Each structure stands twice: as structure tokens, then as C-alpha cells.
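In: Here's my sequence, what's the structure:
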Amino acid sequence: MEKTLFQLDAEWIEMESLLNKDGGILSEDDEKRFDEICTALAEKRGSYIYVRDNFEKQIEQGKQWISVFQNKVRQIENRKKQMDSRLMESMKAQELDTQETEFGKIRIQSSQSLSVFDLSKVPKKYKKTIIETVSKNAEIKAALKDKVKVPGATLLTKEFIKIYK
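Out: Okay, here's the model as predicted:
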């Protein structure tokens, strides 16, 4: 059975501690085993890169599918709007505001919405002022990098894998 990356790492750590314990000297068999572990680790990491590349391809394909489906949804929504418009025109032409059909009841309804196109002309009594305080993230980050203490903020370090080809 092939060993996992974690098992190989554990063996490497074991060999590393044996190496440290013996003052950097390994027997010929241990030296051979250490080389085999290092080679297996390199191969296993290469396999991980291959699998990650496949994941990235699947992600890209999924994004393309999302785009295709979003376009399809937009097309269907537009067709629905066109049909609603035709229904309304047809009913208005006959001066109907409701109609019963075998599939359901059609009713022309209205609603109101507000459009404020020039806020400067709206009287003060119809306006409200919102004051929002936000942090200056770039300045805080620069200060923290320069070892300046900023109460209420801390610099977080995130580790990640980057593969170069």
C-alpha cells in the first residue's frame, strides 16, 4: 500500500530526529531509507500538484458553466418579461383588469416606487444624514508593519501554498 504524504512526513521527522540524536551521522541502511523517504516525498508532492491542477481545471469549468447558466436564466427572465408585457397589452386592449383561465387568474395590478433623481432639490425635512466611521486599513497596516502599536488592531499573517510553473 502506498504511503500518504502525512505518513511520509512522519517518517521524515523520525529520521530527522535520529539524525540529530546521532550527531548528524546515519548508518548506511538509515542513509538509504532517508533517501527513499525524501524521494517518495518529492514524488508525492508532485502528485499533489497534479491533483491540484485538475481541481483548478474543474473550478474553471464550473465557472464557465455558471456563466452559461446565468446567461440562460437571463434569457428566460427576458422571455417571461416579454410574455407579461404581451399579456398586459392584450388585456388592456380589451379593457380588462382581471381574467380567469384554466391555469389561473390574471390580474393587472399597480404599485408605486420612488425615484429621487436630484437629492439637492429635496427639502431638508425629507432627508437624513448618515455618518459612517470606517478604519483606514492601509494606514493601520503600514503602522503595524513599522512596529507602531495601534489599539484595537492587529496584523494577521496568513500562510498559503503557491505553486510556480
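In: all helices of the protein, in order?
Out: Ranges of helices in the chain, per DSSP state H, are 5-21, 28-93, 137-145.
In: contacts for the last one?
Out: Residues outside helix 137-145 that contact it (CB atoms under 8 Å, 6 or more residues apart in numbering): 150, 153, 154, 155. C-betas here are computed from N, CA, C, even on glycine.
In: And those residues, which of them are buried?
Out: Buried by 16 or more other CB atoms under 10 Å: nothing, out of the contacts of helix 137-145.
In: Adding distance to residue 109 and pLDDT as columns, could you present those residues in JSON lines?
Out: Output for the contacts of helix 137-145, formatted as JSON lines (distance: CB to CB, whole Å; pLDDT from 0 to 100):
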{"residue": "150", "distance to residue 109": "55", "pLDDT": "93"}
{"residue": "153", "distance to residue 109": "52", "pLDDT": "93"}
{"residue": "154", "distance to residue 109": "54", "pLDDT": "93"}
{"residue": "155", "distance to residue 109": "55", "pLDDT": "91"}
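In: For residue 148, see how far away residue 139 is.
Out: 10 Å (CB to CB, to the nearest Å).
In: Equivalent analysis for residue 138, please.
Out: Plainly put, residue 138 is 14 Å away from residue 148 if you go by CB to CB.
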